[in-house]
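Engineer: okay, structure incoming, though there's no sequence with it:
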């Protein structure tokens, strides 16, 4: 890889699950904007938002292959692991 780009851990260590490279996508709720957004340390450029968690996961599934190809990775041998976070106040 040129330009000093460092491959994601899943690729560097050949971390595989079911014979595939696994990439983590973090989904978080933005309380102020009232939308879900996602990012990934493993897939640079993956930044999306949606009002629905399910819709956001589907959008990420469609965006990831193109970004993986740009990284020089094979999308056909890749899987995504979604981790969602939402923090809410407790009402007493």
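Structural biologist: Everything's here; your move. Given the structure is predicted, the values throughout are model-derived calculations rather than measurements. Residues are numbered from 1 along each chain as shown.
Engineer: all contacts plus neighbour counts: C-alpha atoms, from now on.
Structural biologist: Noted.
Engineer: any weak-confidence spans in the chain?
Structural biologist: The chain contains residues with pLDDT under 70 at 1-19.
Engineer: report the central residue of it.
Structural biologist: residue 25 (2.5 Å; C-alpha atoms, centre = their mean).
Engineer: name all residues that make contact with that residue.
Structural biologist: Applying C-alpha atoms under 8 Å, 6 or more residues apart in numbering to residue 25 gives the contacts 38-42, 80-83.
Engineer: quick one, which of those are buried?
Structural biologist: 38-40, 42 (16 or more other C-alpha atoms under 10 Å).
Engineer: among those residues, name the ones in strands.
Structural biologist: Among the buried ones among the contacts of residue 25, the ones falling in strands (DSSP state E) are 38-39.
Engineer: quick check, nearest of the buried ones among the contacts of residue 25 to residue 62?
Structural biologist: The nearest member of those to residue 62, counting by C-alpha to C-alpha, is residue 38 at 13.1 Å.
Engineer: quickly list what that closest one is bridged to.
Structural biologist: residue 27, residue 48 (DSSP bridges).
Engineer: and for residue 78?
Structural biologist: Following DSSP bridges, residue 78 is listed with bridge partners residue 21.
Engineer: for it, what are its contacts?
Structural biologist: Shown in contact with residue 78 (C-alpha under 8 Å, 6+ apart): 20-23.
Engineer: with distance to residue 90 added, can I get these in TSV?
Structural biologist: Below are the contacts of residue 78 laid out as TSV (distance: C-alpha to C-alpha, whole Å):
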residue	distance to residue 90
20	40
21	38
22	35
23	33
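Engineer: how much space is there between the residue nearest to the centre of the chain and residue 82?
Structural biologist: 5 Å (C-alpha to C-alpha, to the nearest Å).
Engineer: which residue ranges form the helices in the chain?
Structural biologist: Residue ranges of the helices in the chain, as given by DSSP state H, are 9-12, 53-70.
Engineer: hmm, residue 76 and residue 68 touching each other?
Structural biologist: No - contact criterion C-alpha atoms under 8 Å: residue 68 and residue 76 do not qualify, at 9.8 Å.
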